[in-house]
Structure formats: C-alpha cells, structure tokens
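Participant: return atomic coordinates for the entry below.
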Amino acid sequence: MRLLPITVPASLLDVHNLDPEAGGWGLRVDHAVATASDTYVLTGLRRYRAHAAGSADPAEQDFGYQLITRYGSDGKPTATAVFGQAVPGGSPSAIPERDGTTLAVLPDGAVAVSSRPGSTHLLSPDLDEVLASWPMSWGWKKEQDAGDDPFAASIAVTPAGRLLCMTSEYGLSNRAGAHPNIVALSEPGTAPGPGHKPVLRAIATLDARTDGQSDADSYAHVRYGDEPVGRGNRPSPSLTEALSELTGTSGSLHGYLDSTMTRPAALGDDLFVVPVFGKTYRSTNLGQEFSFALVDDRGVLQGRLGGLHLREDSPFTGFDFTVVADPYRARAFHLNRYGLYAWSADGTLRARMPTAEKPFKPLVHFALLECTPAGELLLAHRKQHLLLRVPVPQDLDDLAVAVEAALKGYGRERTALKKQYAPVTWLWSDSAATVNPL
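Facilitator: Reported below is the predicted structural model:
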C-alpha cells in the first residue's frame, strides 16, 4: 500500500490568509486517476463566511476553486492546476466550477476534465495549458448559446483507447434541464484534441420518454445509426425498461421509472458497468431499487453485478453509487457505508468486506475513487484528506486480506507524512509543486 497527501498550494492559502483552525472552509476530494507513472487528484477548496460578503481583500473574500494535482512516481506533488474562479490578480478562469466533475487520462496523455451536464476540457499532461474546450451551459431548457459545444459529462478509457462516455439530453419526460441519459462509445484511435471532436456511437439510453424533444435537442457528435440521437432515434429498449423487466418491477413505486445513472465504468473494450438507481424520496430510500447494469458494446443488457441486498447493501445510505472497474483484469469494485465489494466480469460477487466487522470499520471514512492500470484501488479519506492506494491481488478471494493489511498500515504511513508536512486540521499545505492558474 501507499499513502499520498492530498495537498493544497501554500501560495493559495497565503493569498487568502486561510487559517485552517478557523471555520468556514472545506476541502472535498472528487476524483483521481493514474497512469503507469503519475497520479492526478481532483479536489474542491471553498471558503464561506457571512461577514466576507462584498470584501475586496482576498484575505477576507469567500472563494471556490477546483484543483488538479499531479503526483510523480515518488508520491510527491509536481504541479497543481487551479480553476473555477480567477486567482487574485489573475485572468478569469478558462474552466468554470462544476459539480460532478471527473478526470480521464487519454491515450495521448492529455487530461480530460468532464462535468455535468456535458462539458469537457482537455489539459496538457503537465497541467499548464488548456488544449481544447467543449462547454455545455446549465439551463432549464437547451441554451441557444453560440459558445455551447458539448462533448461528454464523463469519460472512461478502455484498453484499446475507446472512450466510454456519458452524455446528457434535454426534453426527457416531464423533467426540466439536461440529464445524463446516453451511454456512448468512440472508435479506437479517435481521441479528442484541438480542433477535433470524435463521433460517439450511442449504445444505451436510460429514459426513452422523449415526447418533449425537438430537433434542437440533439447533438451532431452523439449518433445512433446515421443520425444524431434524438426523439425516437436511440437504442432500444431503454435501460429503464430492460431493468424493470429483469427485476420484475414494472409499474412499481420502487422501480426504475424516473431513475438516474452515474458514470459508467469499463470492464474491458466491449463490456461496461452502468450504475442505475431508482427515484429518490424525501423519506427513507432504503430498499429502493438499484442496479449496476452490465452492458456490452452492442448495447445489450447482459445482467448486473450480483449478490447485493436491496437493504443490507444499499448504496442509498450515503448515496455512494460509484462503481470503478479494472478493464485490464475484468473486475469491478464498489464501496458504500455497508462494505467494499468486488466482482468478476460475469457479475459474480467474489469478495465482500462488511464495515460492521472490526478490520473493515475504517472503510466508512473512505470514498472509492478509481482503479489504476496497475490494478490498485484509489481510496480517499474524507476527513484526513489522504489518498490510499491498495494493491488488488490476482485472486479476488485474497482481497480481504490485502485490504485489512492496507488499513493496518494506514496509521503508520500517516504518521510519517505528518512529520513531513505538519498539517493543521488535516489541511496538507505544499510549496514544492508548480501552480498553474488556468
């Protein structure tokens, strides 16, 4: 196992005079990805204090940044990109702050930053340049903004270099705004770049109720057959229909009508996991339907990741619906408040580590972010802002032993990092990495 500090540039803390022991600030960890040599971590740093409204002094102002920090093979931060708002005295940010932002490292090394409803920005591997941007505005209905040119709300990369994308649509059922609704694939060798946005071939649609759509609600780069996806031109049956039939919940209040999907994960070049969860209610959602659907590259539902109980393993507690996958070894992983789970590509549950058991209780403090090309799990401690890399054994039957060993070693590695960085209230300040305001 390895432990990395999730750092924040000291220069940014200094210009805002951020006191870690004072209230009103927060650091969240959104996502992380890795290559054979580098790790990229996406975070959000905010401060809000009621008395700061209208202040012109950066030391008093509220702020909201997103940060991407690159770590070398030795675990030390080498560069940090800052965006979401202008740094004091700088130019406006080239990338707006967005929720639901994730990263992907493309085959050419560029870093893709994608966010809902469909914006994608490409950064240089050194995080010092925005190479290309395809923005998508928020709005209750489709924005007729000349600057809008969306690509994808999320991207995952398969071993052959295909891009597994989630894209959004307007005009779905009676819902306002754009919502993630399409799972689409690029062809090998067609990665996006400056002046080039590849065509995405739709393989699955979540909700096919599109009576409210018009011709203006389609996008030329997301296609089904020879035409852009829109209205009735889309994969069929929808995931909502297929999962309702598979689970026998058609017409049920706790079925898949008005369901939501989150970022798809690649189990290989031709098999993917699409997390889908049923409508949420103000009262408890424990026992509500959810599925980690297995979909192939033809859009056929091949089943789902099995072995989960609707209540005892429910991701609705804590709303942890993330599934990560290792496409090089064809296995998938999920962590929620009840446990860490691992599956083989056929959907068989191979390992379960319940957080009710003493060795795995610390897992409730972690978020599962990604699986590395080397087969490691990337987990972030929500409060202590540390990134834990857990090696996954070849035999998933041995995963519980590996996770227990990593959790036992966590304290020792954390102590060593505290001696090096001297964090205050778990804010890890760093002065060594190059800071690049975008």
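
Participant: could you use CA atoms for every contact and neighbour count after this?
Facilitator: Fine.

Participant: wait, doesn't Leu294 sit right on Arg304?
Facilitator: Yes. With contacts counted by Cα atoms under 8 Å, Leu294 reaches Arg304, the gap being 4.9 Å.

Participant: so for those two, which residue has more residues nearby?
Facilitator: Using other Cα atoms under 10 Å, the more surrounded residue of Leu294 and Arg304 is Leu294, with 24 against 20.

Participant: confirm the more buried one sits in a strand?
Facilitator: Yes. Assessed by DSSP: H, G, I helix; E, B strand; the rest coil, Leu294 belongs to a strand.

Participant: per-residue confidence at it?
Facilitator: Leu294 is assigned a predicted lDDT (pLDDT) of 98.

Participant: now the residue nearest to Glu21 when sequence neighbours are not counted: how far from Arg223?
Facilitator: Spatially, and ignoring its direct neighbours in sequence, Glu21 is nearest to Thr425 (6.5 Å; Cα to Cα, 6 or more residues apart in numbering). In this view, Thr425 and Arg223 are 49 Å apart by Cα to Cα, to the nearest Å.

Participant: more neighbours: these two, which one.
Facilitator: For the pair Thr425 and Arg223, the greater number of neighbours falls to Arg223 (21 against 13), based on other Cα under 10 Å.

Participant: quick check: the more buried one touching Leu200?
Facilitator: Yes. Counting by Cα under 8 Å, Arg223 does reach Leu200; the two are 6.2 Å apart.

Participant: pLDDT (mean, whole number) over stretch 259-272?
Facilitator: Averaging pLDDT along stretch 259-272 yields 97.

Participant: can you check stretch 342-362 too?
Facilitator: Here stretch 342-362 scores 98 as its mean pLDDT.

Participant: so which bits of it are buried?
Facilitator: Using 16 or more other Cα atoms under 10 Å as the test for burial, stretch 342-362 gives 342-345, 347, 349-355, 359-361.

Participant: and for stretch 13-20?
Facilitator: His16, Leu18, Pro20.

Participant: picking up where we left off before, hey, what's in contact with both of Leu294 and Arg304?
Facilitator: Each of Val273, Gly347 lies in contact with both Leu294 and Arg304 under the rule Cα atoms under 8 Å, 6 or more residues apart in numbering.

Participant: what's the burial count for Val390?
Facilitator: Val390 has 23 neighbouring residues, counting by other Cα under 10 Å.

Participant: quick one: it from Thr425, how far?
Facilitator: Distance from Val390 to Thr425, by Cα to Cα: 25 Å.

Participant: next: Leu4.
Facilitator: With the distance defined as Cα to Cα, Leu4 ends up 16 Å from Thr425.

Participant: and the nearest residue to Asp215 once chain neighbours are set aside, its phi and psi?
Facilitator: Nearest non-adjacent residue to Asp215, counting by Cα to Cα, 6+ apart: Gly230, 7.1 Å away. Torsion angles at Gly230 (phi, psi; degrees, to the nearest 10) stand at phi 180, psi 150.

Participant: tell me the contacts of Gly230?
Facilitator: Contact analysis of Gly230 by Cα under 8 Å, 6+ apart lists Thr210, Gln213, Ser214, Asp215, Asp217, Ser218.

Participant: isn't there a strand covering the first one?
Facilitator: No. Residue state for Thr210 (three-state DSSP) corresponds to coil; a strand is not indicated.

Participant: is the residue nearest to Asp215 bridged to anything, and to what?
Facilitator: Asn233 (DSSP bridges).

Participant: distance of it relative to Ala202?
Facilitator: From Gly230 across to Ala202, the span is 11 Å (Cα to Cα).

Participant: and if you look at Gly147?
Facilitator: Applying Cα to Cα, the value for Gly147 to Ala202 is 24 Å.

Participant: compare the two (neighbour count), which wins?
Facilitator: Neighbour tally, Gly147 and Ala202, criterion other Cα under 10 Å: the higher count belongs to Ala202, 27 against 11.

Participant: Ala330 touches Ala345, doesn't it?
Facilitator: Yes. With contacts counted by Cα under 8 Å, Ala330 reaches Ala345, the gap being 5.3 Å.

Participant: check which helix or strand Gly26 maps to.
Facilitator: strand 25-34 (DSSP states H and E).

Participant: so what does the single longest helix found in the chain touch, helix or strand wise?
Facilitator: Taking DSSP state H as the criterion, the chain has its longest helix at helix 399-421. Counting contacts by 3 or more Cα pairs under 8 Å, 6 or more residues apart in numbering; DSSP states H and E, helix 399-421 is packed against strand 2-5, strand 349-354, strand 386-391, strand 428-430.

Participant: with only the CA atoms kept, save stretch 73-83 in CSV.
Facilitator: Once non-C-alpha atoms are left out, stretch 73-83 reads as follows in CSV (Å, rounded to 0.1, in the frame of the first residue of the first chain):
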residue,chain,number,x,y,z
SER,A,73,6.0,8.1,-9.1
ASP,A,74,7.7,9.0,-5.8
GLY,A,75,4.4,10.3,-4.5
LYS,A,76,5.4,13.9,-4.4
PRO,A,77,3.2,16.7,-5.9
THR,A,78,4.8,18.2,-9.0
ALA,A,79,2.1,20.5,-10.4
THR,A,80,-1.3,21.9,-9.5
ALA,A,81,-3.9,23.4,-11.9
VAL,A,82,-6.2,26.0,-10.4
PHE,A,83,-9.6,26.8,-11.9
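
Participant: list the buried residues of it.
Facilitator: By neighbour count on 16+ other Cα under 10 Å, the buried set for stretch 73-83 is Lys76, Pro77, Thr78, Ala79, Thr80, Ala81, Val82, Phe83.

Participant: would you mind checking the average pLDDT for that stretch?
Facilitator: Averaging pLDDT along stretch 73-83 gives 97.

Participant: which residues touch it?
Facilitator: Here stretch 73-83 makes contact (Cα under 8 Å, 6+ apart) with 4, 7, 9, 37-39, 65-72, 93-97, 126-128, 430, 432-438.

Participant: beta partners of Thr69?
Facilitator: With DSSP bridges as the rule, Thr69 is bridged to Val41, Thr80.
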